[in-house]
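Undergrad: this is a predicted model, with the sequence first.
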Protein chains: 2
Amino acid sequence: MTKENVQGAGEEEQQAQSKKALKKQQKEAEKAAKKAEKQAKLAAEQQETDEDDFAKDRYGICPMVQSQQKLDRALVRVQDLTPEKAEQQIWVRARIHTSRAKGKQCFLVLRHQQFTVQALLAVGERASKQMVKFAANLTKESIIDVEAVVKKVEQKIESCSQQDVELHVERIFVISQSEARLPLQLEDAVRPEGEGDEEGRATVNQDTRLDNRVIDLRTTTSQAIFRLQSGVCQLFRDTLINKGFVEIQTPKIISAASEGGANVFTVSYFKTSAYLAQSPQLYKQMCICADFDKVFCVGPVFRAEDSNTHRHLTEFVGLDIEMAFNYHYHEVIDSITDTMVQIFKGLRDRFPTEIQTVNKQYPSEPFKFLEPTLRLEYKEAVAMLKAAGVEMGDEEDLSTPNEKLLGRLVKEKYDTDFYVLDKYPLAVRPFYTMPDPNNPKYSNSYDMFMRGEEILSGAQRIHDAQLLTERAMHHSIDLEKIKAYIDSFRYGAPPHAGGGIGLERVTMLYLGLHNVRQTSMFPRDPKRLTP
Amino acid sequence: MTKENVQGAGEEEQQAQSKKALKKQQKEAEKAAKKAEKQAKLAAEQQETDEDDFAKDRYGICPMVQSQQKLDRALVRVQDLTPEKAEQQIWVRARIHTSRAKGKQCFLVLRHQQFTVQALLAVGERASKQMVKFAANLTKESIIDVEAVVKKVEQKIESCSQQDVELHVERIFVISQSEARLPLQLEDAVRPEGEGDEEGRATVNQDTRLDNRVIDLRTTTSQAIFRLQSGVCQLFRDTLINKGFVEIQTPKIISAASEGGANVFTVSYFKTSAYLAQSPQLYKQMCICADFDKVFCVGPVFRAEDSNTHRHLTEFVGLDIEMAFNYHYHEVIDSITDTMVQIFKGLRDRFPTEIQTVNKQYPSEPFKFLEPTLRLEYKEAVAMLKAAGVEMGDEEDLSTPNEKLLGRLVKEKYDTDFYVLDKYPLAVRPFYTMPDPNNPKYSNSYDMFMRGEEILSGAQRIHDAQLLTERAMHHSIDLEKIKAYIDSFRYGAPPHAGGGIGLERVTMLYLGLHNVRQTSMFPRDPKRLTP
């Protein structure tokens, strides 16, 4: 961290660059050379002024952290910078969020994750003119270590998360430099839609965000979304483990399409070919036949659907449940809805800040739910839609617009954003769905909805090999291909039901967002395979 | 559950069968017809004797549970059948594990998961001759509901998990019948290896097990293995969440091979092609560049290696960690080893019964570990091996036999089954590995071992785009394909390190098992894609 190190690193880099320039990538080399030149210039400038710079050991560019030493230095997190730390001398590692030079002063906003703090460098006893200039020239998004004294401020700093303190910087070292030109500006990326247009300020479109996802994920909104999503997974699992469920791992490379032949990706598998699982359906049921009784799994599912809607991805995360029951599949519905309610409560109670942060950019009403969860029959839903002027057959599937309309009707009537629709027509459900014992046109199946969009599809499954065979034949499914699955039911199988939840949809709809790509870190759709 | 229902169901089935026989699958139909015939015969026999059977409403075959009714009947679990329940009249649902008729009595062993209880039917006030005969004829593995009185026994029943009580059965109804011929016998499947040969009793070979995995998973050993494995995942996540980690979900369909071009499965992706991720490596690092600081993920990873060893699968579950550190990657090693120690302790404390159960079939020494975890340098390991007579170069990678030998040497010297090997030669590690700052032939990388086998591979990663580019070129990696990854490091990146753990290996080695297929529910290898 001394000047020698800084210079040494500069020279090494230059040498490395010259070697590299001889190699393939001309463009890459030129870019790197420019950077090296700039660094050399910076180093030279510093050297020039070294003699008359009393603060020369108080700032600089650190050599790349290569674990050269075990430094016994505690770093305080930005979020922990509160008035209790006033007058303490501390070290902080953070990014330069913004920087503004003003005469003999330089104001920085330092950021770590969702948290920001103001930092001040002023020419004086601890900082030279050169040092302030150095700080003012640092690129945004660079990561720095600063030593500073925490100072209480008289007027709240509205623009920062840490409003009651600022840092008076005494040392400043660069850990990792950012290139000067960012592919997108973080302040643009968190601007509420609409505001951009009205006041002529920019917002960032979705493709730019996703093309530069690593920058986009640094925004307060993204940090909040994905911390909350981590919470969804945790709440889902913790609730189920408390209920006596066992976590299972099911194969994603399979020999037969689990949900029929359409929409399945093909994998070349040594000398043969295989498929990517469209769901863990067949495997979680096999675990029920294997006496695990209550199982769940969290993992990727793959759908080769060539549709570019706001709620479809070709790869998403399935939160899957399967459970043996005693006498009626409503036992399972109750378990699932209770799990969802635990998730909603957990999010509300543990992530209020994250929800508020997302709402700043994407305003939405708080998510409402009832206890016990509202359960409607499909027939009732059709009647409600017909009463609202929709023309549809009794055993017709719900279109997406009708689902949304139904969501609004249910919200008006029952004041809930979450409900279950039970007893779907048999014809619109997969072959393994148990028919209704009282009406062969219907089935023991259900969907669950959040803000009018489907987040779970489930059913009582057929646990009798003979009936399952009949239904598979009725759906023209090649019995040879699902032999292992059907055979699972020949040696005693308990009645069971379950469902699959789309993680990204739950996060999106809970937060009132409008595109599932906002809740998938690296989304995959027919047009996007990268990053 | 009355006789009428039984007959009704039989007739319906016959009709359904006749229709079906006309359809494609002659073979399937014949089989089903035989079953129907048998059932009709059973029903007829019962009808014949109906007049003189006072117990006729106390037994029978239930119609398929189709959620016809919400029965308000509590079912007691087998594991809860203890002397405290003596003289209580209760209902139990369980499988018929074994059945043995003896004069006017029938002894059943009922099983639910790992738990068994003895049940007795005797001709008397509550059971007729016909009823006992009915019970005696039920097939093994069928699922039944019994109403019974719990009775304390004077002599412990050694063959059951519930040794202090037995059930005196008063009603017995079949919920789901098993076919009479099982593809494997559960008692053979839990017999310790070796015992089979000596006493002429059968054991079950691995392919038979895996071909009939649903039956094999019902054994006490399998139930214990996969409950413990569920615990590994839970302990891994809980420990990390307590440490402030965020769970992430990374895409499995990717546009470029994450670990170089070899051993990667190809997927056809609409009009183009893609790959299956060999690890979440690039994505978890991108999350670090995106300020998540400490991340983990649990998910499938895919390796197209055509090797059929005891420890390789083409699809396994990766427990992945990535973490920004302050000054030295040993901060990360310490976090990972502490996580592993928490897992070991959690398994030992929460799953003693499961460990004991597995040990009955597969005896092994208890797993030993030190606190803090032993960390050796690669050079020391090479010296130990050379001292033991192994001929190898200083910068040569460890062969599998040498790893195992090293495990034995370390166990002898330090009495631990878990240790870290630090500072691997740079040449044998992936391109993104940070070189050792003091010796360019070595690197800031490490493996972790359990009982002499590798379970984790990790390293400090290069967080500088320029050095990363150089190293990728040195490894002849097409820079165009990993552009998004390399670009992630251009806008400020913290120093970071991490590692990937193989779940199945951890379970296998903790329990002292010898094949990773034992700890994968539905294993995938070059020769196995099903079930």
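TA: Sure, I can see it.
Undergrad: and A:K41, how many neighbours?
TA: If you count neighbours by other CB atoms under 10 Å in any protein chain shown, A:K41 ends up with 11. C-betas here are computed from N, CA, C, even on glycine.
Undergrad: can you give me the distance of it to A:V264?
TA: To A:V264, A:K41 is 57 Å away according to CB to CB, to the nearest Å.
Undergrad: and A:Y327, what's its pLDDT?
TA: Here, the pLDDT recorded for A:Y327 equals 97.
Undergrad: with adjacent residues omitted, what lies nearest to it?
TA: B:L71 (4.2 Å; CB to CB, 6 or more residues apart in numbering or on different chains).
Undergrad: residue ranges with poor pLDDT in the stretch 201-350 of chain A?
TA: Scanning the stretch 201-350 of chain A for pLDDT under 70 picks out the ranges A:258-261.
Undergrad: quick one: the strands in it?
TA: For the stretch 201-350 of chain A, strands defined by DSSP state E, counting those that start in this stretch occupy the ranges A:246-247, A:253-254, A:266-269, A:272-276, A:294-302, A:315-324.
Undergrad: and the residue of the stretch 101-250 of chain A that's closest to chain B?
TA: A:L217 (3.5 Å; CB to the nearest CB).
Undergrad: so for B:V165, which of the strands of the stretch 201-350 of chain A sits nearest?
TA: B:V165 lies closest, by CB to CB, to one member of those: strand A:315-324, at 23.7 Å.
Undergrad: each with direction, which strands does that closest one pair with?
TA: When pairing is defined by DSSP bridges, strand A:315-324 lines up against strand A:294-302 (antiparallel), strand A:496-502 (antiparallel).
Undergrad: nearest residue to the spatially most central residue of chain A other than its sequence neighbours?
TA: With distances taken as CA atoms, centre = their mean, the residue of chain A nearest its centroid is A:F226 (3.7 Å). Nearest residue to A:F226 in three dimensions, chain neighbours excluded: A:M521, at 6.4 Å (CB to CB, 6+ apart).
Undergrad: got the residues of the stretch 401-531 of chain A near chain B?
TA: Counting by CB under 8 Å from any CB of the partner chain, the residues of the stretch 401-531 of chain A close to chain B are A:434-438, A:444, A:460, A:463-464, A:466-467, A:469-470, A:473, A:479, A:484-485, A:487-488, A:490-495, A:503, A:520-524, A:526, A:529-531.
Undergrad: buried among those? Make that a ChimeraX selection.
TA: Filtering these down to the buried ones (16 or more other CB atoms under 10 Å in any protein chain shown) takes a single ChimeraX command:
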select /A:434,435,436,444,460,463,464,466,467,469,470,473,484,485,487,488,490,491,492,493,494,495,503,520,521,522,523,524,526,529,530,531
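Undergrad: the residues of the stretch 401-531 of chain A next to chain B in helices, which ones?
TA: Among these, the residues falling in helices (DSSP state H) are A:466-467, A:469-470, A:473, A:484-485, A:487, A:503.
Undergrad: so which of these comes closest to B:E365?
TA: Among those, A:A484 lies closest to B:E365 (CB to CB), at 36.3 Å.
Undergrad: that closest one and A:T266, how far apart?
TA: 20 Å.
Undergrad: kindly report the same for A:A101.
TA: From A:A101 over to A:T266 (counting by CB to CB), the distance is 58 Å.
Undergrad: how about A:S399?
TA: 30 Å.
Undergrad: looking at the two, which is more packed in?
TA: Shown here are A:S399 and A:T266; by other CB under 10 Å, A:T266 has more neighbours (16 against 11).
Undergrad: need the nearest residue in space to the more buried one, chain neighbours excluded.
TA: In this structure, A:T266 finds its nearest non-sequential neighbour in B:S268, 5.1 Å apart by CB to CB, 6+ apart.
Undergrad: what number of residues lie near that neighbour?
TA: Neighbourhood size, B:S268 [other CB under 10 Å]: 14.
Undergrad: surely A:A94 and A:Q79 touch.
TA: No. Using CB atoms under 8 Å as the test, A:A94 is too far from A:Q79 to be in contact (10.5 Å).
Undergrad: near chain B, which residues of the stretch 251-400 of chain A show up?
TA: A:251-256, A:265-270, A:272, A:274, A:276, A:283, A:286-287, A:289-293, A:298-300, A:302, A:304, A:306, A:314-315, A:317, A:326-330.
Undergrad: could you rerun that using 7 Å?
TA: Within the stretch 251-400 of chain A, the residues that sit near chain B (CB under 7 Å from any CB of the partner chain) are A:251-253, A:255, A:265-270, A:274, A:276, A:283, A:286, A:289-291, A:293, A:299-300, A:306, A:315, A:317, A:326-330.
Undergrad: convert the lengthiest strand in chain A to CSV, retaining C-alpha atoms only.
TA: Scanning chain A for the longest strand, with DSSP state E as the assignment, gives strand A:89-102. The C-alpha coordinates for strand A:89-102 follow below in CSV (Å, rounded to 0.1, in the frame of the first residue of the first chain):
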residue,chain,number,x,y,z
GLN,A,89,-11.7,6.1,13.7
ILE,A,90,-12.7,3.2,11.5
TRP,A,91,-12.0,1.4,8.2
VAL,A,92,-14.7,0.9,5.6
ARG,A,93,-14.7,-0.9,2.3
ALA,A,94,-17.3,0.4,-0.2
ARG,A,95,-17.9,1.5,-3.8
ILE,A,96,-17.8,5.1,-4.9
HIS,A,97,-21.4,5.7,-5.7
THR,A,98,-20.9,9.3,-6.7
SER,A,99,-18.1,11.8,-6.3
ARG,A,100,-18.2,15.6,-6.5
ALA,A,101,-15.2,18.0,-6.1
LYS,A,102,-15.8,21.5,-4.9
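Undergrad: report the buried residues of that strand.
TA: If you call a residue buried by 16+ other CB under 10 Å, then strand A:89-102 has these buried ones: A:90-97, A:99.
Undergrad: report the two of these separated the most.
TA: A:I90 and A:S99 (20.2 Å).
Undergrad: any stretches of chain A with poor pLDDT?
TA: Filtered on pLDDT under 70, chain A yields the residue ranges A:1-26, A:28-29, A:32, A:44-51, A:195-200, A:258-261.
Undergrad: now with 50?
TA: Scanning chain A for pLDDT under 50 picks out the ranges A:1-10, A:17.
Undergrad: what's next to stretch A:409-429, contact-wise?
TA: For stretch A:409-429, the external contacting residues (CB atoms under 7 Å, 6 or more residues apart in numbering or on different chains) are A:333, A:337, A:340, A:367-370, A:373-378, A:381, A:384, A:388, A:395, A:397, A:433, A:435-436, A:440-443, A:445-451, A:459.
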